[in-house]
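>>> The sequence and its predicted three-dimensional model are supplied below.
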Amino acid sequence: MLFLSDDRNTRILRAHICALIIVLLFGTIIVRLWFLQMVKGDNLLKAAEANRVKVVHIRAPRGSILDNRGRVIATSTPRFTVMAIPSELKENKKAMDLLSSILEMTPEEILFEAHKTQIREGLPTCIAMDVSLDKVARIGERRMDLPNVSVELTQVRNYPDGRLYAHIMGSIGEVSKETYEKFAGTDKPYRLGDYVGKAGLESQYEDLLRGSDGGKRVEVNAAGRVVRTLGEKKSVPGATLTLTVDRDLQKTAVKALGGQVGSVVALNPKTGAVLAMANSPSYDPNLFVKRINSKDWNAIINNKHHPLQNRAVNNVYPPGSTFKPVMCIAGLKNNLCAAATTVACPGFFKYGRRFGCWSTHGGGVDMNRAIAESCDVWFYKLGLKLGIDRIAATGREFGLGKATGIDLPGENRYKDKHVGTMPTSKWKRDRFKKAENRRWNPGDTINCSIGQGFVETSPLQMALVAAACGTGGKVYRPYLVDEIRNPETGKLIKRTIPKMNSKVSASKAHFDTLKRAMRRTVVSGRGTGKVADVPGVYVCAKTGSAETRGAAHGWFICFAAPDENSDADIAVACIIEHGKHGGEAAGPVCKAILDTYYERNKKTETETEE
């Protein structure tokens, strides 16, 4: 009986223990459910909502850029981009191998592309651009095997004419870490993978061109497919820029430069509007849109002629004899010369030592001959009469030695905003340390009087000199963007108003005297610029050969008007590096632009009459 009692007690104890365990388990479940609902309820609801609701980012199209007749120079087209987190791909070999197979890239190439633009560890970055629809579909089919890999619809820049406008357009590239962090928290932050202007107009007008991104909130099912759209914010395209540049003139300029190394600028002298600006060699800005590959990049940076340089704006050279029109105005306004002032040119000028002239012009060389035949001796003597400080004062009125103010980045790269050099006696004292080098000598003036020595100018500055000669001394700020409009409504946001930088303090009579002399360059028998003659058009010009290491640079500046009494319609300046003679190397480039300009205008007039 004792054994039966013990066995019964044991069973009761076990039943109590089981009951207690069951009570504890249910209690734990109840407490956990209470915790999840009452304490973590809001967070879990948000997490569930996040899994059910996705936000699809929609990048805004970058603003279009048009020429002065509305023809497209730059536009944006929608393309697919693949984003991923590099560290997670690296740890997930299966996902990496699958993605490599789909994108037809090696794992090393994927990681290389990702790390090139990754701003911060753990954030997604672009690993492939302009991905085909077939590859996008394959990624979608295998999305469960590709965690944290996403496909975004982005806007890819396109330049239909390739290198034609390269140095005007500039280039774009993926946003840098510095720019990304600078705009974080603003009303227009950048996202990973965004492209920004890096040079040219793309950089200068970045804020207007980039637009405002939009997005959609969509509900998805367990398979990740969109069930419905819950809300949408439309993206706002960037502004449309209409340029002053004419595509026909630009094509002519590029073709005329050909394989020569140099640049050319054509302006409207009455406003400063840039009609054409070309540099050679050039590059295709489309290469930078999809992350330029090493082969193309090396071809650019290893080119000894530096195709990335905007020679027209940022490079400076001795202007050579194209500086002589500035000298004429300086002499005329200071009453130190006249059209009839004559000198004898034996082929050199002796002042302590011999200063050579490129030819022997004989006796009776007046201003007309001095300009038309480019007699150095005439200007050597005028330079000594004027002195460097009066020469420099007139040069600066023409805009030499300082930034023009064109709407391109990089021109004002110095603190004092100088571009090139228009030297003075003080300039030399400040520049050199040794006492014997600080004194301004008459020989310095002689050299500067023919655009040599310390004088340096950019092709854009010389185009402004030509323009001022053709408009009675008006020097306008050059500009590329004529107007900016809202792309959706067409409403005008801003129109550029021509602004005069300076006015040369010389009379109309002085400029008329100079115009007649520059006209002789084109029409006289011994004129050095006969190549620029256009029938029925009053073309005035000045050639130049600027001495430098190796062969001289060839310069040509000109302006053209309907007749002798009218202000100029167009002004052009061209330099061919080491082209020797300006009339032979640079002159044909300017002539081609003048021909296109007046043929097109003649055609327009005929169409209007009809």
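Yes, it's here. Predicted model only: the values in this text are computed from it and were never measured.

>>> okay, R32: pLDDT?
Note on R32: pLDDT of 64.

>>> I'd like to check which residues are in contact with P281.
By Cβ atoms under 8 Å, 6 or more residues apart in numbering, the residues touching P281 are G259, V261, N303, H305, H306, P307. C-beta coordinates here come from the backbone N, C-alpha and C atoms, glycine included.

>>> Just name the closest of those to A546, please.
If you rank the contacts of P281 by distance to A546 using Cβ to Cβ, V261 comes first, at 14.0 Å.

>>> residues contacting the closest one?
Contacts for V261 were tallied using Cβ under 8 Å, 6+ apart; they are S280, P281, H305, I576, E577, H578.

>>> switch the cut-off to 7 Å
Neighbour list for V261: S280, P281, H305, E577 [criterion: Cβ atoms under 7 Å, 6 or more residues apart in numbering].

>>> same check, this time on M327
Counting by Cβ under 7 Å, 6+ apart, M327 touches F379, L382, G383, I391, S449.

>>> State the pair within those that is farthest apart.
Top of the distance list for the contacts of M327 (Cβ to Cβ): F379 and I391, 10.2 Å.

>>> The two - which one has more neighbours?
Neighbours were tallied for F379 and for I391 using other Cβ atoms under 10 Å; the higher tally belongs to F379 (28 against 25).

>>> Three-state assignment for the more buried one, please.
helix (DSSP: H, G, I helix; E, B strand; the rest coil).

>>> That one - nearest residue in space that isn't next to it in sequence?
S449 (4.7 Å; Cβ to Cβ, 6 or more residues apart in numbering).

>>> And I391, how close does it get to W378?
Using Cβ to Cβ, to the nearest Å, one obtains 15 Å as the distance from I391 to W378.

>>> before we move on, back to that, for F379 and I391, list the residues in contact with both.
Counting by Cβ under 7 Å, 6+ apart, the residues touching both F379 and I391 are M327, S449.

>>> which helices and strands sit right next to the lengthiest strand in the chain?
In the chain, taking DSSP state E as the definition, the longest strand is strand 72-84. When contacts are defined as 3 or more Cβ pairs under 7 Å, 6 or more residues apart in numbering; DSSP states H and E, strand 72-84 sits against strand 65-66, strand 125-131, strand 150-158.

>>> Out of the contacts of M327, which sit inside helices?
F379, L382, G383, I391 (DSSP state H).

>>> any chance of those in CSV, plus pLDDT and distance to D248?
Converted to CSV, these look like this (pLDDT from 0 to 100; distance: Cβ to Cβ, whole Å):
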residue, pLDDT, distance to D248
F379, 98, 37
L382, 98, 40
G383, 97, 41
I391, 98, 38
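
>>> From the residues you listed, pick the one nearest S100.
I391 (67.3 Å).

>>> Look up the closest residue to the closest one, ignoring the ones flanking it.
Using Cβ to Cβ, 6+ apart, the nearest residue to I391 is A330, at 5.4 Å.

>>> Which members of the contacts of V261 define the maximum pairwise distance?
The two members of the contacts of V261 with the most space between them (Cβ to Cβ) are P281 and E577, at 10.9 Å.

>>> pLDDT averaged over stretch 314-327 - what is it?
97.

>>> Now for the contacts of P281: which two are most distant?
Most distant of those, by Cβ to Cβ, are G259 and H306, 15.0 Å apart.

>>> ok, the two, which is more surrounded?
Comparing G259 with H306 by other Cβ under 10 Å, the one with more neighbours is H306, at 13 against 7.

>>> Name whatever forms a beta bridge with I557.
K542, A573 (DSSP bridges).

>>> which residues touch it?
T322, M462, V465, A466, A541, K542, A573.

>>> What values do phi and psi take at the nearest residue to the first one once chain neighbours are set aside?
Using Cβ to Cβ, 6+ apart and skipping residues adjacent in sequence, the residue nearest T322 is G544, 3.9 Å away. Summarising the backbone geometry of G544 under the convention degrees, to the nearest 10, its torsions are phi -160, psi 140.

>>> Tell me which residues touch G544, please.
P319, G320, S321, T322, G451, W555, G582.

>>> Now the two most distant members of those.
Farthest pair in the contacts of G544 (Cβ to Cβ) is G451 and G582. Separation: 11.2 Å.

>>> Compare the two (neighbour count), which wins?
Using other Cβ under 10 Å as the criterion, G451 and G582 rank with G582 on top: 31 against 27.

>>> Please look at the more buried one and G554 and confirm they touch.
Yes. Applying Cβ atoms under 7 Å, one finds G582 in contact with G554, separated by 4.2 Å.

>>> intersection of neighbour lists for the two?
With contacts defined as Cβ under 7 Å, 6+ apart, the residues shared by G582 and G554 are S545.

>>> can you map out the strands along the stretch 351-500 of the chain?
Here the stretch 351-500 of the chain has its strands, by DSSP state E, counting those that start in this stretch, at 353-356, 362-365, 474-476, 481-485, 492-495, 500-503.

>>> Flag the shaky bits of this structure, pLDDT-wise.
1-9, 13, 15-16, 23, 27, 31-57, 116-123, 216-231, 602-610 (pLDDT under 70).

>>> can you map out the helices along the stretch 201-350 of the chain?
For the stretch 201-350 of the chain, applying DSSP state H, counting those that start in this stretch gives helices covering 206-209, 247-257, 294-301, 311-314, 324-333.

>>> Redo the ones you listed as TSV? Include distance to K417.
Formatted as TSV, these follow (distance: least, Cβ to Cβ, whole Å):
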stretch	distance to K417
helix 206-209	22
helix 247-257	27
helix 294-301	28
helix 311-314	13
helix 324-333	20
